[in-house]
Each structure stands twice: as structure tokens, then as C-alpha cells.
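*Asks:* sequence-free structure coming up:
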């Protein structure tokens, strides 16, 4: 499983190509900056630098591109925490508690938590990969539509964690999101809801739609304020508090571990990418926490859970790309192209014949994650200053940058138009108290839900008992139900305890009243 | 000192622009094409086959054209957006398409009502040819395509089949089933919205047989067993794959993909001098030994078939697709 000979050869490659190391820091900075701009996704950041990498030698190109990838994995959480606008769908769940922490004046700590959760789980993910990169190929190929459908349902369970004033409006909003997510040509070739517009054949692009929905409500809220954080004393940018947040991450090893495992597994599944892992990791952490009622109100565990799944998903995605030559998401598709452009075709034979190179690439990613610890602290220290800028300067900048970002995705006006339409929709949703978050989750998961359900139906010929031929799917459903059951049981126990305490309090008060009356 | 009014200033500027136009115009007309960078429109996202082909070929084509190339990815709507964009550009030879002409041009017309015709595109060279490959997982008990046919004849629902709807692969699946006398509506077909997921499903045994473009299987060759390649002759990049003819089944089929270089027909007809320059440059670069070697390493094709053969192949395949379009709906 683990080849020590190849490993020492890999160390040799790392040592002899020391010149390539110089690309790590520029790559990280490019990734951080691009992905921190709302509307610019990781995929796009990599697509921009891909042609540049053609002029480098192979190892330098891979180091540079993977550094961009590593940096971009974290960068998206910076606007998520500071402004409640995720840089990319992968950092969506980070907004829930990250922004709540910012409002409480804990933005320094929140950024620190996010950075360390991201890097530690990134390192953990790659370490695990060193061991399983080979068998992973067969595991990934064994994942079929039924399993994927179960995962998508799991993602939808997040809706229960979002919490909204009206359950009916939450469900209605989620249904709207799923409907929007299924616009376009589906996997069976049927075209729905495109209104004859060719741009909609591929569906509504999720990035501009998400930014539009979230930014509209957020910008309106911000417009009524002078600064993002109300209390003037809280608007400080403190390295000490950032580091305190970083260090605080270590207090939650359980959250980090669970998030990484969820991230790696979901990231490794081709075509899912990291945008779902963070939702599931957040929902699971919230559900199993004793203090689940403080999630969404600035609980550091929420930030850690979401970020831990993002970084580790990169590792999983990279493993699939190396082991099978199959990209897990948009960003690894670009990496794959970069490999091919340097005459290297990843896949089973590549892993067999070039194991030292594979190990060297994974090791280099670990080095990048460690470097990100340093570069990231500097980056968030600079970025956090946004809380000291008046919102009247921030708002127009966000609007312009987001519009340009969505335009740049494929150089078509379709991006900004989508942004505008969804901003209007977001405004209406906020105005009438429908949860925007539920629509976003629906958009992110709608297509996957439909596609995998349809394929499961086609594969089984409509026989529901087919589920019992798929042990992995049964296991996923089992874990999901067990998790739900445990939560329900825990909640009941908690409610019982609370009721008992309350009864005790009442009794105490009565006794005191009686005692008082006697006096 | 005369007073310069705003009106005067306007006149001067206007005159200046006019003068620049008058002086500039004949200059543009006389200058030898190309005198500025040429755009290569790729109607697919960064990283796909056409994108890689264009980027790998660009340095050699740049040398032959004498001008830098700018690669513009215009993905979306089954390449319809990129094709429309390319046709909308000025007819001056500064736009060259690198695309999967077949099946995307005919399919976008036949199924999506794209606002152009097959005849609007003129093929310069289509070096990359891909064919539908029926394949199963390497661990599968299926031996050959004949066994697949026999099993499906006995019970059309006995095997699950993965395929992309509205694709050449789908047409080939239906044509071969009809030739074997199997009712296609009774098959257990699982649809995929991309070649990649379809190949994974076949390699991982999620579906029993996958009908999908063969070239993409090359990186995971060890994980699959090829059953039938829908090609007339042995395919040089996958020589050990049995042909559909070897299975004993007599069936018509369409070619999977024809990828390469094209321009608008309008350019070829209205600007023959400019067109000639482009054609010669593509021809020269395609046969440049350095280009052939560089592209071969990346598993990309450079074979020079020339405009005549390429257009003929494209036209024939497009006609065949139109003929069988009812199978795809």
C-alpha cells in the first residue's frame, strides 16, 4: 500500500527541484486573492493561470497550479466571514457562524479558526492520501447513482439546521431552489425552463446566482449601517486575536477529524466537488453538538466544521484525478489539462509507473498547506481591515467587483444578468421573510438530486428493492438515520433534563414561597 | 490670437478622425494578412480536448502564420454559443474555430434549433476522429459484443446500458439494437450528461455496458474491457479494440467526433486570399515534424486530411445524423 522506495525517491524529486518551491508563495497569493473576490471561483482562478504554466517545466507548473488551488481553497472564506458573501460555493457554510462571529466583533478569531481548520485538515487529507491513493481508485469507481443520491439527500438535511421562522416558507424556498437548480437540459436530454435562451441549456450558473441571492440581502442590510461592525471598539485588527483563533482550533480535534473525513470522501467522488462537503460537515457537527442551539449565532465549531471539509475535499479531489485521470471538480479538470499539456496523462498506469512523482506532488501539497499557515495569517491580517472601512465605500466596490467577476467566468454578459436577476429575487425573498439560504442549498443540490435519482430509477428499472443490492448506499442511509435518531434522542434527553430542572426550580420557588409565608 | 471655439475644436477632431480613417483604410486593405494577433475560438471550457489541441498546436501555427494566436474559450449550450460567436465575428480572417465540428454542429442544429447551418462552416482540417466504444468493466463476466447481443435478445432488460442522450453514441446504440432485432424501448438505459461520468460508470461496473467516445477511455484503459468499436477500420490509438463488424452484426453507424480546425464559409468564399493563407498555415503546421511529435506526446492528433476530405467526412456524417435524428429525440 505504502511504497517506501518510491517515497524516498519522491523526497529526492522534492530536493532536486528546489527551484520549483519558489512558485509556492506566488501561487498561494494568486489563489487567495482571486478566490476572495466574490464571484470568482477556484476554477476560474486556475483557468486564468493555466496558460502561464505552459511556459514552466512540469514540476514547477504543477507546484504553481496546486498552490493556486490550495490558496483558493481558503480565500473564499475571507469574504464569507467578513461580509457574509461567500467567495465560492465551497465556503458557503462558513458564512453561517463566521459572519455571526464578525458581528460580535470576533472577526479576528473567526478568520484564525477558518485558516487553521483549513490548513490542518488539508494536511491531514494529503497525509491520508499518501496511504490510500492507490486503492482509492477502485473505491471511487464503485460509487454509483444510488450512493450519490443518498449523499445529496444528506446535504438537503442541512435545511433542518438553517432554522427559519416559518417551516413552510423554508420548504417552499428550498423547493424553488431545487426547481432553479434543475433548469436546462437534464441527464436524459429533456430541456426544461430555458425559455428558449441558449445560455440556459447548461442550467443557471450557480456562482452568479448564489452571489446575487446572498449579496442582495446582505448589501441592503449593510447599506443601513455605517460600518460592518456596529461597536467601534470591536473594529480592531489584532494579530494576537487572529493567532488566538488559530490556536483555539486545536481544541476541537473531533470536529476537525469528522470534517476532514467527510471532505475527503465527498471530494473524491467525481463530479461532486467541495461545494457539498462543507454543507454536510456543518450540518453533522451542528446536529451532534451539545450546544447546537448556538450554531448560526457565532459558534467557532461551525466555522471549523465548514472549513475542515473544504480543504480536505481538495485532497480527495486531487487523489481521484491522479489515480483515475478523472477530475472531481472544475479545478482538478484544469489541473488534469495542465498535466496533459506537459505530456503526462494521470490514471492507473501513471500511478503504477510514476509513483515517486505522485508522492512528490502529494508531499508538495503538504508543504503548501504549511506555507499557507504563514501566508494566510498575513493575508487575513490585511483583509480584516475591511471592517474599518465605511460601508458606503465597500458596497459599490463589492457590486462592481462581483459584476466583473461573474462576467469574467466565461466572458459573457450572461453572468452579470444572472447576478442581477437573482439579486432581485434575493431582495424579494428577504423582504417577505423567506430564507434565502434554503434557496441557495436547493440550487447547489437540485441538479445532483435530480440526476442521481433519475439514474437510480433507470438502473433499477423502477424497483425500490434495488437499494438492498447496494450495501454502500444502505450504509450511507443507515449512518444518516442513526445520526438523525441520535439527535432526536439527544434532544429528547435534553428536553427531559430541562423539564426536570424547570420542575426543580418551580419546586424550589414554591418551597421558598412556602418558607417565606411561614416566616 | 484667434479664439478657438468649442465648435472649431469639434471640427478639427472630426476632421482628424476622418483623415485618419481615409489614410488608414487603404492601409488596412493593402496590408498583408495577418498583421495582428489571430483569435482561436474554442467553444468549450479550458481543459477539454479542443482546448488542449488548440494550445498544443498554437506555437506551431503561430510560426506558420507569423502572428501570435489568442485562444478564447466560449463554452456553453453544447458549443452552440461558441459557434454562434465565431460566425458573428467580422469576416476578416482573424477568427479561426477549433471545435468538435461533429457531432456538435449538426446536433445543435437538429436538437436545439441553433441559428446556423452546417454549410456555414468550412472545415480546414479535422485530424481527430473519435468513435463510439461499447465497453464493460475489466472485472465483468461479459466476453464480447456477441454475448451482449445474445443476452439482450433473450431479455432486453438483463443488462444496464450507460449512454449520453442525443449523442452519436446513442444513435449507434439504437442502430445496433435495431440491426440485432432488439426493441430499444425495452432496454434498461441509464443516461449520463457527459462522457466522463459515463466512462466512470462503465469502468466501475455501475452499468453493465457503456456506449461512449473511445478516446477518453485511454487513461483508464486497464479498468475496462473493449467490446466493440463503432469504426470501419482498426483505430490506431486503440488497436486491440474489436470492431463492431467483428461481432457479426451488420449495422450502420455514425462517427463519434470529428475535431479540428474550421472557419466560416463566408470567409472562404468572400476573402479567398486570406483563406488561402490560413489553409496553408494549418497545412504547414500540421505536417511540421516538431508539431507532430509534440502533439503525439499529449495524445492529440495532427494528421493532415485537408479541406476536401475533411468537409466530405463532416458532410457525410452530418447527413447521417440528420437521417437518424428521430432516434435521438
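*Replies:* Structure's in. What do you need? Because the structure is a prediction, the values reported are computed rather than measured. Numbers count the residues shown, from 1 in each chain, chains lettered A, B, ... in the order given.

*Asks:* shaky segments in the stretch 351-500 of chain A?
*Replies:* For the stretch 351-500 of chain A, the stretches with pLDDT under 70 are A:409-411.

*Asks:* Distance from the chain centre to stretch A:24-43, please.
*Replies:* 15 Å (CA atoms, centre = their mean, to the nearest Å).

*Asks:* Repeat that for stretch B:64-74.
*Replies:* Relative to its parent chain, stretch B:64-74 has a centroid offset of 18 Å by CA atoms, centre = their mean.

*Asks:* ok, and does that stretch reach over to chain A?
*Replies:* Yes: against chain A, stretch B:64-74 shows contacts by CB under 8 Å from any CB of the partner chain at B:71-74. C-beta coordinates here come from the backbone N, C-alpha and C atoms, glycine included.

*Asks:* Those: which two are farthest apart?
*Replies:* B:71 and B:74 (10.4 Å; CB to CB).

*Asks:* more neighbours, these two?
*Replies:* More neighbours surround residue B:74 than the other of residue B:71 and residue B:74, with 20 against 16 (other CB atoms under 10 Å in any protein chain shown).

*Asks:* re the thing from before, where do the contact lists of residue B:71 and residue B:74 overlap?
*Replies:* Taking CB atoms under 8 Å, 6 or more residues apart in numbering or on different chains as the criterion, residue B:71 and residue B:74 both touch residue B:42.

*Asks:* so of the residues of stretch B:64-74 next to chain A, which ones are in strands?
*Replies:* By the criterion of DSSP state E, membership of the residues of stretch B:64-74 next to chain A in strands covers B:71-73.

*Asks:* for the residues of stretch B:64-74 next to chain A, which one is nearest residue A:288?
*Replies:* Distance to residue A:288 across the residues of stretch B:64-74 next to chain A (CB to CB) is lowest for residue B:73, with 43.5 Å.

*Asks:* wait, doesn't that closest one sit right on residue B:40?
*Replies:* No: using CB atoms under 8 Å, residue B:73 is not in contact with residue B:40, being 9.6 Å away.

*Asks:* Would you mind telling me which of the two has more residues around it?
*Replies:* Neighbours per residue, other CB under 10 Å: of residue B:73 and residue B:40, the larger number sits with residue B:40, 24 against 21.

*Asks:* Give the bridge partners for the more buried one, please.
*Replies:* residue B:71, residue B:96 (DSSP bridges).

*Asks:* For residue B:170, see how far away it is.
*Replies:* Residue B:40 sits 30 Å away from residue B:170, going by CB to CB, to the nearest Å.

*Asks:* what's the answer for residue A:371, then?
*Replies:* 48 Å.

*Asks:* and after the helix or strand containing residue A:51, which helix or strand comes next?
*Replies:* Under the criterion of DSSP states H and E, residue A:51 resides in helix A:42-53. Heading C-terminal from helix A:42-53, the first helix or strand you meet, by DSSP H and E, is helix A:58-75.

*Asks:* Outline the domain layout of the chain.
*Replies:* In the absence of a named chain, this looks at chain A. The record's domain parsing of chain A by automatic domain parsing lists A:4-163+A:238-397, A:471-519.

*Asks:* you looked at the wrong chain, it should be chain B
*Replies:* B:38-129+B:257-328, B:132-247.

*Asks:* any chance of those domains in a markdown table, plus mean pLDDT and distance to residue A:496?
*Replies:* Formatted as a markdown table, the domains of chain B follow (pLDDT from 0 to 100; distance: least, CB to CB, whole Å):
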| stretch | mean pLDDT | distance to residue A:496 |
| --- | --- | --- |
| domain B:38-129+B:257-328 | 84 | 55 |
| domain B:132-247 | 88 | 46 |
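
*Asks:* would you turn these into TSV with distance to residue A:202?
*Replies:* Shown next, in TSV, are these (distance: least, CB to CB, whole Å):
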stretch	distance to residue A:202
domain B:38-129+B:257-328	6
domain B:132-247	10
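
*Asks:* so which of those domains comes closest to residue A:489?
*Replies:* Judging these by CB to CB, what sits closest to residue A:489 is domain B:132-247, at 35.6 Å.

*Asks:* Name the nearest residue to residue A:169, ignoring sequence neighbours.
*Replies:* Excluding the flanking residues, the one nearest residue A:169 by CB to CB, 6 or more residues apart in numbering or on different chains is residue A:434, at 4.9 Å.

*Asks:* same check, this time on residue B:214
*Replies:* residue B:133 (3.3 Å).

*Asks:* Quick check: which element contains the one you found?
*Replies:* strand B:132-137.

*Asks:* Mind giving me the packing neighbours of that strand?
*Replies:* For strand B:132-137, the packing partners by 3 or more CB pairs under 8 Å, 6 or more residues apart in numbering or on different chains; DSSP states H and E come out as helix B:168-179, helix B:195-203, strand B:209-213, strand B:224-229.

*Asks:* Quick check: what element follows the first one along the chain?
*Replies:* Scanning the chain past helix B:168-179 towards its C-terminal end, the next helix or strand to appear is strand B:188-191 (assignment: DSSP H and E).

*Asks:* Okay, now the sheet partners of that next one, with direction.
*Replies:* Counting by DSSP bridges, strand B:188-191 is paired with strand B:160-163 (parallel).

*Asks:* mind checking the SS state of whatever residue of the stretch 51-200 of chain B ends up closest to chain A?
*Replies:* Of the residues in the stretch 51-200 of chain B, the one nearest chain A is residue B:165, at a distance of 3.1 Å by CB to the nearest CB. Counting by DSSP: H, G, I helix; E, B strand; the rest coil, the backbone at residue B:165 sits in coil.

*Asks:* okay, the ones in strands among the residues of stretch B:64-74 next to chain A in a markdown table with distance to residue B:305 next?
*Replies:* As requested, these are arranged in a markdown table below (distance: CB to CB, whole Å):
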| residue | distance to residue B:305 |
| --- | --- |
| B:71 | 23 |
| B:72 | 25 |
| B:73 | 25 |
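
*Asks:* residues touching the closest residue to chain B within the stretch 1-150 of chain A, list them.
*Replies:* For the stretch 1-150 of chain A and chain B, the shortest gap (CB to the nearest CB) falls at residue A:141, measuring 3.0 Å. Going by CB under 8 Å, 6+ apart, residue A:141 touches A:324, B:200, B:203-206, B:223.

*Asks:* Give me the buried entries from those.
*Replies:* A:324, B:200, B:203-206, B:223 (16 or more other CB atoms under 10 Å in any protein chain shown).

*Asks:* Using JSON lines, please lay out those together with distance to residue B:260.
*Replies:* Output for these, formatted as JSON lines (distance: CB to CB, whole Å):
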{"residue": "A:324", "distance to residue B:260": "28"}
{"residue": "B:200", "distance to residue B:260": "27"}
{"residue": "B:203", "distance to residue B:260": "28"}
{"residue": "B:204", "distance to residue B:260": "32"}
{"residue": "B:205", "distance to residue B:260": "34"}
{"residue": "B:206", "distance to residue B:260": "33"}
{"residue": "B:223", "distance to residue B:260": "29"}
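
*Asks:* The strand holding residue B:133 - which strands sit beside it in the sheet, and in what orientation?
*Replies:* In the sheet, strand B:132-137 lines up against strand B:209-213 (antiparallel), strand B:224-229 (antiparallel) (DSSP bridges).

*Asks:* Name the next helix or strand downstream of the last one, please.
*Replies:* Towards the C-terminus, the helix or strand next in line after strand B:224-229, according to DSSP H and E, is strand B:257-264.

*Asks:* touching chain A at all, that following strand?
*Replies:* No: Strand B:257-264 stays clear of chain A (CB under 8 Å from any CB), getting no nearer than 14.9 Å.

*Asks:* ok, the residue of the stretch 51-200 of chain B closest to chain A - contacts?
*Replies:* A:187-189, B:191, B:328.
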